[in-house]
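1. please work out how this folds:
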Amino acid sequence: MENSSLQQGQTQGKWYQRVPHAVTMLFGIIVLVTVLTYLLPAGSYDRVTVDGRERVVPGSYTLLPSSPVGLLDMFKAIPLGFKAAAEIIFIVLAGGIMFGIMEKSKAVENTVGALVKKLGLERKYLVVVIMTFVYGALGITIGYENNIAMVPVAAVLSLALGGDLVLAAGISVGAMTIGFGLSPINPYTVGTGHKIAELPLFSGAGLRSVLCFAGLCIMAWYNVRYFKRISRDRTHGLGAGLNEAGISLSKPIQAYSMTLNNWLVILVFMTGLGVSLYGIFVYHWYINELSSIFLMVALASALISRMSATSISEGILEAIGKAAPGAFMVGYATSIKVLMETGNISDTISYHLSRLLEGLPLYASAIGMSVAQCVINLFIPSGSGQALATLPVMIPLGEVLGLTRQTTILAFQVGDGVTNLINPTLGGLIAMLSMCRVPLDRWLKFIFPILVAILAMAWVMLIVAVAIGYE
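-> All right, here's what the predicted structure looks like:
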């Protein structure tokens, strides 16, 4: 009885274990932003177009007529959010359709089952470490939403190894978010920042590479630690009760082998992935083009598997049913951005946070700048958008405070990249979690300790950057 009470008290003492349901949490943020449009003055920076992108003009912040959001407009922002996020919503559905058809063909299950049979379950912890770094490398080199098709593979692999869907999200979503957010060659954050600061593109890569590698090491260690815990008792895992239908293995590992149809479906998938990467790097494809490739892969997989028209149709609707909650959450979260724009308070928040940094000691100013970017990231989740909105203000301010331009960009990258792990307004995060069938509230319970650890490590790196005059 006493032990039970003690355990209950310890659980209640951890606030992140009492995170509300994602729908409830996002609605709370919607209400909060609506209230802020009454409390904060409306304001805006002047903007100029440089290389086809708008960036703010430092020192140009001016007040605008107050534009508080009424009750009707607050709810109206929700359908407008779905409209603004239509492309990401559809890629969630398209990715779901592709893997729904591939699951129906048994190609993914047989491939993962045969792979685990070949490697042996005794190496399962090593496989988790390797796959964490593989997904991290995808985030570093390819991007974020561009990797959405690879997330369900981690789900099947995790379940085959004896893990759960939350572990799958840690391997894929966690590693890709860290890799992308701290990448030394991130074109959206580091690249945009270097253009604004007029620094050599992707310069200072050494320190950033150490930071990124250290972040992935922490993620890999945490994944293995969680895996060992649920291996002892799966009921203690955060994935208990999540829908594993269609992605868990249906027979013993030793019974798995690959058929010719399986090889052909996987070949089609890999070809589609290769075409997607070629289009991304050569023709600058983005969401809509990737959705088209996913649908083409789905159709080709169905034809190779000799599915009837009725079977294909039923498979598509089943897949949409499973992907729909995640697609809904993407549009729902985007309504927060719509509210910020309607109330004209995004620039106001950026302006006042930058003013708070003035007068801070040198080392504290670097960490303070990173914290300010963490806050701004909740309201401007786009990395390039945040760079264009804040760095023209932060870079001159950093020089006044005694920070090098490279350090200011690093502080921005840390604030933007690390908080993407828990950012409920980031459509890409919500979309990829949905591909793992992991609700946002369970993800926050899992990932919060990693957020704290990586932020602490990154702030130490920022202090080192200031000490060495990082350039």
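2. which residue ranges of the chain form strands?
-> 43-44, 47-50, 53-56, 62-63 (DSSP state E).
3. which one of these lies closest to Leu26?
-> strand 43-44 (25.4 Å; Cβ to Cβ). Quick note: C-beta positions are derived from backbone N, CA and C, even for glycine.
4. pairing partners for that closest one, with directions?
-> Strand 43-44 sits in its sheet next to strand 62-63 (antiparallel), going by DSSP bridges.
5. need the contact list for Ser291.
-> Glu87, Phe90, Ile91, Ala94, Gly95 (Cβ atoms under 8 Å, 6 or more residues apart in numbering).
6. my guess is Val190 contacts Arg208. True?
-> Yes: in this structure, Val190 is within contact of Arg208 by Cβ atoms under 8 Å, at 7.2 Å.
7. where does the protein have low pLDDT?
-> 1-19 (pLDDT under 70).
8. measure how buried Val460 is and give me the count.
-> Using other Cβ atoms under 10 Å, Val460 has 13 other residues around it.
9. gap between it and Ala453?
-> The gap separating Val460 from Ala453 is 11 Å, by Cβ to Cβ, to the nearest Å.
10. hmm, back to that, adding neighbour count and distance to Gly237, write the contacts of Ser291 out as JSON lines.
-> Below are those laid out as JSON lines (neighbours: other Cβ atoms under 10 Å; distance: Cβ to Cβ, whole Å):
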{"residue": "Glu87", "neighbour count": "15", "distance to Gly237": "34"}
{"residue": "Phe90", "neighbour count": "17", "distance to Gly237": "32"}
{"residue": "Ile91", "neighbour count": "27", "distance to Gly237": "29"}
{"residue": "Ala94", "neighbour count": "26", "distance to Gly237": "30"}
{"residue": "Gly95", "neighbour count": "30", "distance to Gly237": "25"}
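11. return the member of those nearest to Ile345.
-> Nearest to Ile345 among the contacts of Ser291: Glu87, at 25.4 Å, using Cβ to Cβ.
12. the closest one: what's it in contact with?
-> Tyr286, Ile287, Asn288, Ser291.
13. could you rerun that using 10 Å?
-> Glu145, Tyr286, Ile287, Asn288, Leu290, Ser291, Val330, Gly427 (Cβ atoms under 10 Å, 6 or more residues apart in numbering).
14. so for Gly170, which of the strands of the chain sits nearest?
-> strand 53-56 (33.8 Å).
15. measure the residue lying closest to His21 once chain neighbours are set aside to Met25 for me?
-> Computed as Cβ to Cβ, 6 or more residues apart in numbering, the closest residue to His21 that is not its neighbour in sequence is Asp441, at 5.4 Å. Separation of Asp441 from Met25 (Cβ to Cβ): 7 Å.
16. for Pro41, same thing?
-> Relative to Met25, and taking Cβ to Cβ, Pro41 is found at 27 Å.
17. cool, and Val338?
-> Counting by Cβ to Cβ, the gap from Val338 to Met25 is 18 Å.
18. repeat that for Met340.
-> 17 Å.
19. neighbour count winner among the two?
-> Set side by side, Met340 and Met25 show more neighbours around Met340, with 23 against 16, by other Cβ under 10 Å.
20. so what's that one up against?
-> By Cβ under 10 Å, 6+ apart, the neighbours of Met340 are 33, 36-37, 69, 77, 346-349, 378-380, 425.
21. out of those residues, which is nearest to Ile409?
-> The nearest one, if we look at those relative to Ile409 and count by Cβ to Cβ, is Ile380, at 16.2 Å.
22. what's the burial count for the closest residue to that closest one other than its chain neighbours?
-> Take Ile380 and drop its neighbours on the chain: the residue closest to it by Cβ to Cβ, 6+ apart is Gln386, 4.4 Å away. For Gln386, the neighbour count with other Cβ under 10 Å is 24.
23. likewise for the one 10 residues further on?
-> Number of residues near Pro396 (other Cβ under 10 Å) recorded here: 15.
24. now it: how far from Ser250?
-> For Pro396 relative to Ser250 (Cβ to Cβ), the value is 60 Å.
25. list the residues that contact the nearest residue to Val156 once chain neighbours are set aside.
-> Take Val156 and drop its neighbours on the chain: the residue closest to it by Cβ to Cβ, 6+ apart is Val112, 4.6 Å away. Residues counted as contacts of Val112 (Cβ under 10 Å, 6+ apart) are 153-161, 247, 249, 253, 256.
26. hmm, try it at 8 Å
-> Val153, Val156, Leu157, Ala160, Leu249.
27. hang on, isn't the fourth one packed against Ser250?
-> No: with contact defined as Cβ under 8 Å, Ala160 does not count as touching Ser250 (10.8 Å).
28. any idea how far the closest residue to Phe99 other than its chain neighbours is from Leu64?
-> Ranked by Cβ to Cβ, 6+ apart and with sequence neighbours excluded, the top spatial neighbour of Phe99 is Pro152, at 4.5 Å. Distance of Pro152 to Leu64, computed by Cβ to Cβ: 45 Å.
29. more neighbours, those two?
-> The neighbour comparison of Pro152 against Leu64 (other Cβ under 10 Å) goes to Pro152, with 25 against 13.
30. you'd agree that one is up against Gly95?
-> Yes: at 7.5 Å, Pro152 counts as touching Gly95 under the criterion of Cβ under 8 Å.
31. which residues are in contact with each of the two?
-> With Cβ under 8 Å, 6+ apart as the test, Pro152 and Gly95 both reach Met435.
32. need the contact list for Phe227.
-> Contacts for Phe227 were tallied using Cβ under 8 Å, 6+ apart; they are Lys124, Tyr125, Val128, Leu161, Gly163, Leu167.
33. ok, 10 Å please
-> Here Phe227 is in contact with 124-125, 127-129, 158, 161-164, 167, 170-171, 237 (Cβ under 10 Å, 6+ apart).
34. run a quick neighbour tally on Gly28.
-> Gly28 has 12 nearby residues by other Cβ under 10 Å.
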